[in-house]
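[1] I need the structure of the sequence given here:
(one chain, ligands or ions: 1)
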Amino acid sequence: MRILVVEDEEKMAGLIRRGLREEGMAVDVAARGEDALWMAGSTEFDAIVLDLMLPGIDGFETCRRLREDGVWAPVLMLTARDAVADRVAGLDHGADDYLVKPFSFAELLARLRALVRRGAAERPAVLEAGGLRLDPATHRVSRDGTEISLSAKEFALLEVFMRHAGEAVSRFELLEHAWDYDYENRSNVVDVYVRYLREKVDRPFGTDTIETVRGVGYRLREEP
Ligand code: CA
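    The predicted structure follows:
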């Protein structure tokens, strides 16, 4: 297992490196976010331990750019600030987990193992498909930079489409992912909401991103 540790405090970085090496892991250290970006871009790390407080670009920005660059190695964020807002922002910038300093080394190891088990599948914090951009954290949707205002249910439905871009999604799947058990099932509710959605994400732009798939349901085109 090869781990990248991004931490500017030499003592802390050295401590983590030594501990991980004792566990048989290969460890590289970057003291700056900028260094982490090129290192992670040229080597496939199994996980990245990322401190939030860094000189130059901070941990949030580093994480965001890693994902933007297509680096999907699991990121464990370290934060000295025991602030909920920091942890929320870190996770929303694409981090997978966090540890608040000071932490126990056993916990760092356990979290790293759990993250590596999950693997490095693509999991963008912001979804892009069909010319649309959807940010689950800020609940914003846009097309070509134009903000689109959606109701909570329309947003939920679009998110399901975007997570399955290019695939035919059945009415049942859409119901299952965007409505809960409290919802009293009406068979045409999906069609009604798809109509609302088309009125907002397609019609004003002259696009036709949400296609009807006969006998199945609907599909969001990957390309606009
Ligand atoms: Ca630091």
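[2] all contacts plus neighbour counts: C-alpha atoms, from now on.
    Will do.
[3] the residue of the chain at minimum distance from the ion: what secondary structure?
    Here the chain gets closest to the ion at one residue, residue 53, 4.3 Å apart by CA to the ion. Put simply, residue 53 is coil when judged by DSSP: H, G, I helix; E, B strand; the rest coil.
[4] that one: neighbour count?
    Around residue 53 there are 20 other residues, counting by other CA atoms under 10 Å.
[5] list the contacts of it.
    Going by CA atoms under 8 Å, 6 or more residues apart in numbering, residue 53 touches 59, 79-80.
[6] now these: which count as buried?
    Buried members of the contacts of residue 53, scored by 16 or more other CA atoms under 10 Å, are 59, 79.
[7] can you list the contacts of residue 53 in JSON lines and add secondary structure?
    JSON lines is the format used below for those (three-state DSSP):
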{"residue": "59", "secondary structure": "helix"}
{"residue": "79", "secondary structure": "strand"}
{"residue": "80", "secondary structure": "coil"}
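[8] please identify the buried residues of the least confident helix or strand in the chain by mean pLDDT?
    Among the helical and strand segments of the chain, the one scoring lowest on mean pLDDT, DSSP states H and E is helix 171-178, with a mean of 88. Judged by neighbour count (16+ other CA under 10 Å), helix 171-178 contains these buried residues: 171, 174-175, 178.
[9] mind telling me what element residue 116 is part of?
    Using DSSP states H and E, residue 116 maps to helix 105-118.
[10] quick revisit: may I have the least confident helix or strand of the chain as CSV, with CA atoms only?
    The C-alpha coordinates for helix 171-178 follow below in CSV (Å, rounded to 0.1, in the frame of the first residue of the first chain):
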residue,chain,number,x,y,z
ARG,A,171,-39.8,4.7,-13.5
PHE,A,172,-39.4,2.2,-10.6
GLU,A,173,-35.7,3.1,-10.0
LEU,A,174,-36.5,6.8,-10.1
LEU,A,175,-39.3,6.3,-7.6
GLU,A,176,-37.1,4.2,-5.4
HIS,A,177,-34.3,6.7,-5.3
ALA,A,178,-36.2,10.0,-5.1
